[in-house]
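Novice: I'd like to go over a predicted model; first the sequence, then the structure.
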There are 2 protein chains.
Amino acid sequence: MVRIAICAPGKPLKRERADAVEALVAGRKDVSLAFHEQCFAEEGHFAGSDAVRLAALLDCANDPSVDAVWFAMGGYGSNRIAAAAIAQMNGAARQKSYLGYSDTGFLLGALYRNGIGRVAHGPLAGDIRREGGAGTIERALGWLTGSDEGLEPHLDERPAAAFNLTTLAMLVGTDLAPDLSGHVVMVEEVAEHLYAVDRLFFHVTQHLPEIAGLRLGRISEVPENDRPFGSDEVAIAQDWCRRSGIPYLGRADIGHDAANRIVPFGLEARRPRA
Amino acid sequence: MVRIAICAPGKPLKRERADAVEALVAGRKDVSLAFHEQCFAEEGHFAGSDAVRLAALLDCANDPSVDAVWFAMGGYGSNRIAAAAIAQMNGAARQKSYLGYSDTGFLLGALYRNGIGRVAHGPLAGDIRREGGAGTIERALGWLTGSDEGLEPHLDERPAAAFNLTTLAMLVGTDLAPDLSGHVVMVEEVAEHLYAVDRLFFHVTQHLPEIAGLRLGRISEVPENDRPFGSDEVAIAQDWCRRSGIPYLGRADIGHDAANRIVPFGLEARRPRA
């Protein structure tokens, strides 16, 4: 039985989505879910104040009876509690798996930087809302329970990491940022203009000249602009990789969508749990 | 006679706006304007390709008969040509004044990093379009011709610099970024959600722990979000200053508006031209 605790470091989860995820696992003997009540808290932009979100994350991470921490939603805010969370994590926190993406990339990065747990970029519990979301949730639960069926198909012998592009741009150079030298770094983005994507690639490639290479996930829901940008996301990524001497390695099967595959950080996290 | 050359490192300028600025200075004996034809070029998002924009910037900066380079518009793109421009600037470029803001902050930063010219954050030629824009243009021309009447009123004995917040966030840690330690740094923003402003402050304050302090310009045209953020821009700036140990010094009279005052970079640029 793999016991999974769920909290929301950024925005809240709608209760009916938690119900839908619980319905999916009803009757399964190999996995149990515990949605922390904080998932449903609301305070301004966030699922509760910084103090509330931090306490919930530590409740989940530091509980020795819990095997994995799964993030409910992204939505901005995990950077506000990440440093304090790392500082208060105990030995039990170091034995767990952690899964999420989007804004929770701040936490994934900070955990990986500090060698805490098995960290992976992949579906959130809230992805149940997407068309095909049941399969998305099964993929996440699969990884959390030891399967490697949902792994991103381009993973090779090199360590990897994956991030939302904006999140990575705001992470690089901060106290939360892991050393990604030698890593294949995969990035995805949603709802950003292509000029902003171009600007983010400038920043990220300037900060990460030592990575092994870059793979481009899906750049989805690009808003219409008053004028066309003049190139597409592949040309943008290739351009900044060329300028910075980073090998462009092709596409990655990640994105803000139901098909989002799982990218464990580093090599250690690809091994099944002991 | 102060000779001012104008180019557009990001987006194009509308020709009627150049006409309106020229009409303002018609008959003045102390200043002449030369709008580079590149200001009106269009290629995708930009006022011409990178090569076209770079060549125009160098035409203006490297011309020994020109006293000042004034940027026509912001709009994204100056980071794409800044490093190449710096590398090709000559001795004449080092004697000039440079004025702009918004996206052209990438260039201001790179010029200041490299000790090239007198650099200031202040109105663009395209600000003529704003209500009260004639006064805005007079303020810019005043600084470019040796007046200090348009200076930001909180400047003190410490060196200062000013940036659009997004531009500064994308600049920090890159090859274009100046050393801002000991500087009073002023920031302004336009058309960003408060959660994004909060995220940008996280990134910027993490990168600039050694600055003398931060002043908050106007955060304007904040889009409506699906939920309120829960605090305002002053609380956001104060929070991240407190977290990072940066003194919060109060407001700054800068912004994406007609009232945008002038912030020379460093102390040297505050002295009238020799």
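Specialist: Cool, the structure landed.
Novice: got the contact list for the residue nearest the centre of chain A?
Specialist: Residue closest to the average C-alpha location in chain A (C-alpha atoms, centre = their mean): A:Y101, at 1.9 Å. Applying C-beta atoms under 8 Å, 6 or more residues apart in numbering or on different chains, one finds that A:Y101 lies in contact with A:74, A:108, A:121-124, A:162-164, A:188, A:254, A:260. In short, each C-beta sits where N, CA and C put it, glycine included.
Novice: how about the residues of chain A that lie near chain B?
Specialist: For chain A, the contact set with chain B under C-beta under 8 Å from any C-beta of the partner chain comprises A:42-46, A:76-77, A:79-80, A:166, A:169-170, A:172-175, A:194-196, A:198-200, A:202-203, A:206-207, A:225, A:227-231.
Novice: how about 7 Å then?
Specialist: Residues of chain A that fall close to chain B, judged by C-beta under 7 Å from any C-beta of the partner chain: A:43-45, A:76, A:79, A:170, A:172-175, A:195, A:199, A:202-203, A:206-207, A:227-231.
Novice: What subset of the residues you listed is buried?
Specialist: When the residues of chain A next to chain B are checked for burial by 16 or more other C-beta atoms under 10 Å in any protein chain shown, the buried set is A:45, A:76, A:79, A:170, A:172-174, A:195, A:199, A:202-203, A:206-207, A:229-230.
Novice: pLDDT wise, what is A:E224 at?
Specialist: At A:E224 the predicted local confidence, pLDDT, stands at 89.
Novice: which element is it on?
Specialist: Element membership of A:E224 [criterion: DSSP states H and E] is none; it lies in no helix or strand.
Novice: relative orientation of the lengthiest helix in chain A and helix B:194-207 in degrees?
Specialist: Determined from DSSP state H, the single longest helix within chain A is helix A:194-207. Here helix A:194-207 runs at an angle of 20 degrees relative to helix B:194-207 (axes from the mean of the first three to the mean of the last three C-alpha atoms, to 10 degrees).
Novice: just the contacts of A:Y101 now: which is nearest B:E152?
Specialist: The shortest gap between B:E152 and any of those belongs to A:N164, at 35.6 Å (C-beta to C-beta).
Novice: any idea how far chain B is from the closest one?
Specialist: Distance of A:N164 to chain B, computed by C-beta to the nearest C-beta, to the nearest Å: 12 Å.
Novice: what's the answer for A:E22, then?
Specialist: In this structure, A:E22 and chain B are separated by 25 Å, where distance is defined by C-beta to the nearest C-beta.
Novice: For my notes, confirm that residue occurs in a helix.
Specialist: Yes - looking at A:E22 with DSSP: H, G, I helix; E, B strand; the rest coil, it is inside a helix.
Novice: List the contacts of A:V21.
Specialist: Residues in contact with A:V21, defined by C-beta atoms under 7 Å, 6 or more residues apart in numbering or on different chains, are A:33, A:125, A:128, A:137.
Novice: What number of residues are in the vicinity of the second one?
Specialist: Going back to what we said before, that points to A:A125. 30 (other C-beta atoms under 10 Å in any protein chain shown).
Novice: so what pLDDT did it get?
Specialist: Here, the pLDDT recorded for A:A125 equals 98.
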